[in-house]
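Visitor: Sequence and predicted structure are below.
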Amino acid sequence: MRKELMNYETLLKITREISLSRDPEEVVYPIVESVTKALEAKGCALFLFNRKTKELEVAASYGLSDEYLNKGPVSAIQSIASSLKDGPVAIYDVTDDPRIQYPEEAKKEGISSILSVPIIVRKDPFGTLRVYTREPWEATLEDVNFVQAVALISGMALEMCRLYKGLKDSIEILKSQKGKGKEKT
């Protein structure tokens with residue numbers, strides 16, 4: 001019951017904060033921080049899908065090192081690709097799952113499990129919200145539903161920012177905030 005209450009409070013906090021901003025940076029950071037804290041996870045990252053390169057680019061992260069975030073390009077085709085088209089994917093053991101693009105780097109970072117949930121806007125993949133845990137984690141249906149709700153809210157908020165700024169593509173949100181510092185820990 002306590003966890004359920006925490007999830008509702010987190011959703012309220014996130015929606016309150018993003019409703020006050022049209023700046024994508026002010027939208028994404030509270031999301032990754034709040035999800036990390038609500039699920040008592042190691043970290044969380046919000047990636048945006050770059051249609052030109054077919055890569056996922058970090059828009060914001062919390063609890064993850066710069067070294068891990070800069071390990072190399074995250075391919076939307078290789079890295080838990082099914083979460084972009086088929087819905088949430090929970091990976092229990094990052095060292096023993098072929099869907100993980102960088103298993104050694106994940107192990108070095110102290111990541112055991114990942115929950116990857118797509119961010120969909122008008123039926124199109126916009127990005128992904130990923131939760132990382134230190135200990136092996138069997139995400140419950142409640143956990144998955146919570147992260148899906150946050151991903152849906154994130155997509156709507158980022159789409160509103162994109163439209164407000166008159167940007168043509170979601171990835172331009174990232175490029176419009178370059179130099180502002182993307183990661184918080």
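Guide: Done, it's in. Residues are numbered from 1 along each chain as shown.

Visitor: C-alpha from now on. contacts and neighbour counts both.
Guide: Fine.

Visitor: Tell me the first helix or strand C-terminal of the helix or strand harbouring Lys13.
Guide: Lys13 belongs to helix 2-19 when assigned by DSSP states H and E. On the C-terminal side of helix 2-19, the closest following helix or strand by DSSP H and E is helix 24-38.

Visitor: Given the helix or strand that comes right after that next one, what are its sheet partners and their directions?
Guide: Of the helices and strands lying after helix 24-38 in sequence (DSSP H and E), the nearest is strand 43-50. Sheet pairing of strand 43-50 (DSSP bridges) gives strand 55-62 (antiparallel), strand 124-133 (antiparallel).

Visitor: roughly how far out does strand 43-50 sit from the chain middle?
Guide: 4 Å (CA atoms, centre = their mean, to the nearest Å).

Visitor: Could you give the average pLDDT over it?
Guide: This predicted structure assigns strand 43-50 an average pLDDT of 92.

Visitor: what does stretch 164-180 give?
Guide: Computed over stretch 164-180, the mean pLDDT rounds to 59.

Visitor: go on, stretch 144-161?
Guide: Mean predicted confidence for stretch 144-161 is 88.

Visitor: show me the contacts for Gln101.
Guide: By CA atoms under 8 Å, 6 or more residues apart in numbering, the contact set of Gln101 is 74-75, 78-80.

Visitor: Run through the bridge partners of the nearest residue to Leu129 once chain neighbours are set aside.
Guide: Leaving aside its sequence neighbours, Leu129 sits nearest to Leu46 (CA to CA, 6 or more residues apart in numbering; 4.6 Å). The residues listed as beta-bridge partners of Leu46 by DSSP bridges are Ala60, Leu129.

Visitor: surely Leu46 meets Glu33?
Guide: No. Leu46 sits out of contact with Glu33 when judged by CA atoms under 8 Å, with a separation of 10.4 Å.

Visitor: Between these two, tell me which one has more neighbours.
Guide: Between Leu46 and Glu33, counted using other CA atoms under 10 Å, Leu46 has the larger neighbour count: 26 against 21.

Visitor: got the contact list for that one?
Guide: For Leu46, the contact set (CA under 8 Å, 6+ apart) comprises 28, 32, 58-61, 127-130.

Visitor: how about these in a markdown table, adding neighbour count?
Guide: Shown next, in a markdown table, are the contacts of Leu46 (neighbours: other CA atoms under 10 Å):
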| residue | neighbour count |
| --- | --- |
| Val28 | 22 |
| Val32 | 28 |
| Val58 | 22 |
| Ala59 | 25 |
| Ala60 | 25 |
| Ser61 | 28 |
| Gly127 | 29 |
| Thr128 | 30 |
| Leu129 | 29 |
| Arg130 | 25 |
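
Visitor: Much appreciated, bye for now.
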